[in-house]
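A.B. asks: give me a 3D structure for the following:
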Amino acid sequence: MDRVKSSMQQVPNAIPKVIRRTGGASSLELEKENFERGQAVSINKAINTQEVAVKEKHARTCILGTHHEKGAHTFWAAVNRLPLSSNAVLCWKFCHVFHKLLRDGHPNVIKDSMRNKADLTDMSRMWGHLSEGYGKLCSIYLKLLITKMEFHIKNPRFPGNLQMSNRQLDEAGENDVNNFFQLTVEMFDYLECELNLFLGVFSSLDMSRSVSVTAAGQCRLAPLIQVILDCSHLYDYTVKLLFKLHSCLPADTLQGHRDRFQEQFKKLKSLFYRSSNLQYFKRLIQIPQLPENPPNFLRASALSEHISPVVVIPAESSSPESEHVVETDDLVDTDIPALPAAVETKFDDLFGTSAAIDPFNFNSQNGMRKDDKDRLIEQLTREIQALKEELESFRLESGRLCQALRGRVSELEAELAEQSHLRLQAVGESEFLKAELDDLRRVREDTEKEQRSLTEIERKAQANEQRYTKLKEKYTELVQSHADLLRKNAEVTRQMTVARAAQDEVEAVRKEMQEKVKAAHEAADRQEREQVDQLLELQRELVSSRAELDSLKTTMASSQQSTEVLGTQLSALESEKAELVQTLSKVEAELAVRGEELERVQSSLATERESGVKTAEALQNQLNEKESREQALESQLVAARWSSLQGAVDEAEKIIKDSLAQIDDPAHISCTSSADYLASRCQASLDCVGRLHSARDAFLADNTGVSELVRVVTHCGHLVGDTIVQGSATSHMVPVEQADALSESVKLCGAEALALLGRMKQQDSLAAADDGKLKAALEAILATAEKLRPRGLELQQGELGDLVEQEMAATSAAVESAAARIEEMLNKSRAVDTGIKMEVNERILASCTELMQAIKELILSSKDLQRDIVESGRGAATMKEFYAKNSRWTEGLISASKAVGWGATVMVDAADLVVQGKGKFEELMVCSHEIAASTAQLVAASKVKADKDSSNLQRLQQASRGVTQATAAVVASTKSGKSQIEETDTMDFSSMTLTQIKRQEMDAQVLVLELETRLQKERERLGELRKKHYELAGVAEGWGEEEEGTG
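C.D. replies: The predicted model follows:
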């Protein structure tokens, strides 16, 4: 009895232990935490910033994780924490892993990923702003992934890996020809995105080297394995769908499908061939080869000749990457583990396994009856069974609740992550908009300041112009009065001659008329004295007039110098204002023109598609009605083709007429364009005219090919119209003569295009339509555009940074060389010259030396300021990339540095000639002014991007003032030396007679008039030279050049 009691006490105590073991809510949380931790580690290892291919074991772990949780919540929760928008390599590897998940992951991955479609679209648009490297590839890859998700959401019958049987493909179209038609279009778009990525990767690699064996090359080539797998299925399904469509629809209706397939077939065949030759793909994938020629869809029996391309991936060998792979059983089993076998058989372990053959052996021990034993066993068995059932129900209920709570927690975490991402995105956009608003306010304030400064400068220039006009009028009056004095002097001389003749006559008859002769002599003497006094008075007036004339000339020279300085400042401000206004007008005009062109193209395409569909439906219905009406339907078909051609011709005429009308529109005057863009439009128009000729000949040979002619006519109308508009816009940016010639060429092009289209509207004159005159007009416009192309610095962007350093170093070297030459000339002058000449030479060369030292200090300050500008503005980019990004500013620095070095060299040469006595002092002064202007240009180019509070900027401005003072010292010393030397050459007229003085005076007057005429001509020539210099400098530095043509 004691053993029975002890056994009965042991049985109930064993069951609660089982309950305590299975009530493991904490074990589920621990399992979930371990799963998420493992997924996060694998994702971070697969998606990192190292430029190497994604390891297969990490990608496989991510794929198994989606099957484990039946979705992609954990994947997106980990990915949203990665900085995909700031690192192109990281984004590229994310696209690769995400592509693998879409293909091989759980079907719910596509649905879970659609909520991130907007973020992927924004990221693609952001990376699309880069034109090279991983940025451009990431933009293309993200567009492909978005297209893939949209395709599978729109066509849920297609799995992510696109593997379907022929029966499943037929079921996807639901036996509806419209569904098959639309599905084919979507597959074309899908395959187009795949091919774009293929071409983008190949174009970014240097195929002349073995890039497939490098880590960087394999990083770019690895995603193409997924692309090859997708392309093989898409090509196979497209071929089968096109054969099915050709069995239901007319061939003309599917002409566009065939053309698009032909284009994609050529690209895919070429890409498959190039990929199969790369060493990287040979060990990872067996790429199929497409047939030599595309299938002939017009022949139904060709379907039996089609062989579906099969991509073979060899079995993977054991490698270190295959270690530590998560087992599928552990990932898929999310339920609570079943009760251990030891617990379920606890009773058997305690009491034995046979209840029929004396399980407790009570008969031999205590003589208990068998009926009591049976009842005890049955009672205990029923209790155990009830407890087992209760325990099972409790376990199932707790598992169901845990699963539901787990799903709810995942949804809440996903929503929380999405809200956090949206909040961060909104904060970023708010900060960006605030920064942009502050920049706009600063730009507006700067513009207002520049406008006020420009107004003040214009007022000063107008006042100087009025003063110059008054001085010129006064000078004209002085010249006129001087001419009157000359005429009076000639009259007095004539009177003196007459008086002398009268005196001689009196001498002849003196003996006869003594008294009369004496009186006449006295009268003549008195008259002669009066005339001499009058002559002396006239000479004094002439001297005073000359002195006043010299002072007026000096005043005019100083006024002209100030006018030139003000004009230089005014032109610089006007150029900056014009650049700002031009940039704004370009952007606005480009947006408006592109929007209008897009609307016109869309409306034209919609009209053409609607008319084509209606015509095809009408013809199909008529053909199905009765076989006997075949001739009538054929004639109606020909009429419809001709009608569609006439409609296309009318549409092209409207486009060209509208373009010609825009030329005379006053609003079009503000539109501008570049010669490069005009040349590209002309070349495209010429190519389209050639295709128009071929399409017309094909239509004349077989009138069934009208669709190609309609497309070419419409396209040609658009291109010729665009050429007319761009030609007119370009004429607004060139000189008047070239603008008139270009406008006439554009109008002639429009007239020839209208004449050609007019002949094509008539069926009898279509064959005689000649496009030679239109080609000649377009070639004339193209030749004009080639002449107008800027001939500036044609440098690679990577060379700009080196060129800046080279030019600044060359300028410093030129200044050092000039200073050394001046010192050498000074020593030579001291050894050779004496007296006033040595004093003058020492003073001039000393001022030139000071000017060179000031220029040297200015160049050093400019270098320091440029270094600050580059360091503060380049960010993470290199110095060369910063110079390339700001190419216009860089070219301005290069031009200013060249001008400073050249001016220093020329001034030293002029000083050398002056010291030797062979040069002119005026040339040295002009060189000094030129150096001052060049240094001012260098200062302006350096400070345009500088911070106004920069200490280096203050140093640069101080150095600029030092250069100005040194230039003034050079001019002053030159003028002083010139006056000293001229004083030594005093004019001596003591030995000259009155006739000789009169002769010299007349020669001097003639020389003065000649010099005045020459001075006026030289001033006009100087103005034309400055105008031409401004135009050439603008072309060289790209002032009128545009990135894209605008209309």
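A.B. asks: just how off-centre is the helix or strand where Arg711 lies within its chain?
C.D. replies: Counting by DSSP states H and E, the element that carries Arg711 is helix 706-731. Chain-centre distance of helix 706-731: 25 Å, with CA atoms, centre = their mean, to the nearest Å.
A.B. asks: between helix 706-731 and the helix or strand following that helix, find me the angle.
C.D. replies: Moving toward the C-terminus from helix 706-731, the next helix or strand (DSSP H and E) is helix 736-761. Orientation check (axes from the mean of the first three to the mean of the last three CA atoms, to 10 degrees): helix 736-761 against helix 706-731 gives 160 degrees.
A.B. asks: now helix 736-761, how far from the centre of its chain.
C.D. replies: 32 Å.
A.B. asks: quick check: buried residues in the strand or helix carrying Ile844?
C.D. replies: Here Ile844 sits within helix 835-873, counting by DSSP H and E. Using 16 or more other CB atoms under 10 Å as the burial criterion, the residues of helix 835-873 that qualify are 837, 840-845, 847-852, 854-859, 861-866, 868-870. Glycine gets a C-beta too; all of them are placed from N, C-alpha and C.
A.B. asks: average pLDDT across the one helix or strand Glu522 maps to?
C.D. replies: For Glu522, the host element (DSSP H and E) is helix 514-625. For helix 514-625, mean pLDDT is 70.
A.B. asks: next structured bit after that helix?
C.D. replies: Counting by DSSP H and E, what follows helix 514-625 is helix 630-663.
A.B. asks: quick one: that following helix to helix 706-731, angle?
C.D. replies: Taking the same axes, to 10 degrees, one finds helix 630-663 and helix 706-731 inclined to each other by 0 degrees.
A.B. asks: give me the buried positions along the helix or strand just after helix 630-663.
C.D. replies: As assigned by DSSP H and E, the chain's next helix or strand after helix 630-663 is helix 675-701. Buried residues in helix 675-701, counted by 16+ other CB under 10 Å: 675-686, 688-689, 692-693, 695-696, 698-699.
A.B. asks: got it, and stretch 113-127?
C.D. replies: With burial defined by 16+ other CB under 10 Å, the residues of stretch 113-127 counted as buried are Ser113, Asn116, Asp119, Leu120, Met123, Ser124, Met126, Trp127.
A.B. asks: next one: stretch 291-299
C.D. replies: Result for stretch 291-299 [16+ other CB under 10 Å]: buried residues Pro294, Pro295, Phe297.
A.B. asks: got the end-to-end distance for that stretch?
C.D. replies: Distance between the two ends of stretch 291-299: 17 Å, counting by CA to CA, to the nearest Å.
A.B. asks: how far is it from where the chain is centred?
C.D. replies: With CA atoms, centre = their mean, you get 42 Å for stretch 291-299.
A.B. asks: could you give the average pLDDT over that stretch?
C.D. replies: 87.
A.B. asks: identify the residues contacting that stretch?
C.D. replies: Here stretch 291-299 makes contact (CB atoms under 8 Å, 6 or more residues apart in numbering) with 239, 242-243, 246, 251, 254, 258, 261-262, 265, 302-303, 305-307.
A.B. asks: over to stretch 145-159?
C.D. replies: In contact with stretch 145-159 (CB under 8 Å, 6+ apart) are residues 95, 98-99, 102, 107, 110-111, 113-114, 117, 120-121, 124, 160, 164, 168, 171-172, 183, 186, 189-190, 193, 230.
A.B. asks: go ahead and confirm Phe678 touches Ser728.
C.D. replies: Just to correct that, residue 678 is Leu rather than Phe. No - using CB atoms under 8 Å, Leu678 is not in contact with Ser728; the gap is 9.8 Å.
A.B. asks: tell me what the one helix or strand Leu1025 maps to is packed against?
C.D. replies: Using DSSP H and E, Leu1025 sits in helix 994-1036. Judged by 3 or more CB pairs under 8 Å, 6 or more residues apart in numbering; DSSP states H and E, helix 994-1036 is in contact with helix 887-916.
A.B. asks: for the helix or strand just after the helix it packs on, which positions count as buried?
C.D. replies: Remark: after helix 887-916, the chain's next helix or strand is helix 921-943, criterion DSSP H and E. By neighbour count with 16+ other CB under 10 Å, helix 921-943 contains the buried residues 921, 923-925, 927-939, 941-943.
A.B. asks: convert helix 921-943 to CSV, retaining C-alpha atoms only.
C.D. replies: Below are the C-alpha coordinates for helix 921-943, written out as CSV (Å, rounded to 0.1, in the frame of the first residue of the first chain):
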residue,chain,number,x,y,z
PHE,A,921,56.9,107.6,-72.0
GLU,A,922,53.3,107.3,-73.1
GLU,A,923,53.7,103.6,-73.7
LEU,A,924,55.0,103.1,-70.2
MET,A,925,52.0,104.9,-68.8
VAL,A,926,49.6,102.9,-70.9
CYS,A,927,51.3,99.6,-69.7
SER,A,928,50.8,100.8,-66.1
HIS,A,929,47.1,101.4,-66.6
GLU,A,930,46.8,98.0,-68.3
ILE,A,931,48.4,96.3,-65.3
ALA,A,932,46.0,98.1,-63.0
ALA,A,933,43.0,97.0,-65.0
SER,A,934,44.3,93.4,-65.1
THR,A,935,44.9,93.3,-61.3
ALA,A,936,41.4,94.7,-60.8
GLN,A,937,40.1,91.8,-62.9
LEU,A,938,42.0,89.3,-60.8
VAL,A,939,40.7,90.9,-57.6
ALA,A,940,37.1,90.8,-58.9
ALA,A,941,37.5,87.2,-60.0
SER,A,942,39.0,86.2,-56.7
LYS,A,943,36.5,87.9,-54.4
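A.B. asks: give the rounded mean pLDDT of that helix.
C.D. replies: 76.
A.B. asks: also stretch 723-743?
C.D. replies: 80.
A.B. asks: longest helix of this protein?
C.D. replies: Ranked by residue count and defined by DSSP state H, the top helix of the chain is helix 370-508.
A.B. asks: quick one: average confidence on it?
C.D. replies: 80.
A.B. asks: got the domain ranges for the chain?
C.D. replies: Using the TED database, the domain ranges for the chain come out as 30-153, 155-312, 636-788, 800-984, 993-1031.
A.B. asks: nearest to Ile377, of the ones you listed?
C.D. replies: domain 30-153 (39.6 Å; CB to CB).
A.B. asks: distance between the ends of the closest one?
C.D. replies: 35 Å.
A.B. asks: distance from the chain centre to it, please.
C.D. replies: 28 Å.
A.B. asks: what average pLDDT does it get?
C.D. replies: According to the model, domain 30-153 has a mean pLDDT of 90.
A.B. asks: list the buried residues for stretch 902-914?
C.D. replies: Those would be Gly903, Ala904, Thr905, Val906, Met907, Val908, Asp909, Ala910, Ala911, Asp912, Val914, for stretch 902-914 by 16+ other CB under 10 Å.
A.B. asks: returning to that earlier point: the helix holding Ile844 to helix 921-943, inter-axis angle?
C.D. replies: 10 degrees.
A.B. asks: mind checking the pLDDT average for helix 835-873?
C.D. replies: 76.
A.B. asks: appreciated, that's everything.
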